[in-house]
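Visitor: Sequence and computational prediction follow.
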Amino acid sequence: MNRNVYFNSPFLLGFDHLERLLERTAKAATDGYPPYNIEELSEDSLRITLAVAGFSRDELNITVEENQLVIRGKQIDSNEKTYLHRGIAARQFQRAFVLAEGIEVAGATLENGLLIVELKRRKLEPQIRTIEIRGTDATFK
């Protein structure tokens, strides 16, 4: 595995997870199904729209797993139908989006074959914390 030079810096302590996120994102970018749009609605809100024609709400699942938005779809294929031609495949998919710190899923709707996921950015207040300096006889807990 080729390691990225940026993450080998001694000034980037504890950023190993970013390297893993970038690798995961690169793998997910190769799959083109289902197609999607990402819109910036305002400074603190985004919208992801996926084209999921043929999927019902029961066949779609949206989860947030460790700052990653994962959208899964699995159509229930009925064996009761006899197709003369089948051009619309009943295939499953998984589409993942890495979310930055402070981005939360505000809700999702399914309308006219489009799954719309609304994202909001929480306003993060800067925090300053003073660290107490102890003597050499103190132990860390």
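Guide: Perfect, thanks for sending it.

Visitor: Cross-check the contact I'm expecting between Glu39 and Thr49.
Guide: Yes: applying CB atoms under 8 Å as the test, Glu39 and Thr49 come out as touching, 7.2 Å apart. Every residue, glycine included, has its C-beta placed from N, CA and C.

Visitor: Those two: which has the busier surroundings?
Guide: Thr49 (15 against 10; other CB atoms under 10 Å).

Visitor: Grab the nearest non-local neighbour of that one.
Guide: Nearest residue to Thr49, sequence neighbours excluded (CB to CB, 6 or more residues apart in numbering): Asn37, at 4.6 Å.

Visitor: what about the one you found, which SS state?
Guide: Per DSSP: H, G, I helix; E, B strand; the rest coil, the secondary structure class of Asn37 is strand.

Visitor: Ala96 now?
Guide: The local conformation at Ala96, judged by three-state DSSP, is strand.

Visitor: Would you mind measuring from it to Gln68?
Guide: Relative to Gln68, Ala96 is positioned 5 Å away (CB to CB, to the nearest Å).

Visitor: Which positions within stretch 69-84 qualify as buried?
Guide: Neighbour-count burial for stretch 69-84 flags Leu69, Ile71, Gly73, Gln75 (criterion: 16 or more other CB atoms under 10 Å).

Visitor: Can you pull out the residues in contact with that stretch?
Guide: Stretch 69-84 has contacts (CB atoms under 8 Å, 6 or more residues apart in numbering) with 34, 48, 50, 52, 54-55, 59-64, 90-99, 105, 115, 117, 119.

Visitor: pLDDT averaged over that stretch, what's the number?
Guide: Across stretch 69-84, pLDDT averages out at 86.

Visitor: Tell me the confidence at the most far-flung residue of the chain relative to its centre?
Guide: No residue in the chain sits farther from the centre than Asp137, which is 46.2 Å out by CA atoms, centre = their mean. Looking at Asp137, its pLDDT is 70.
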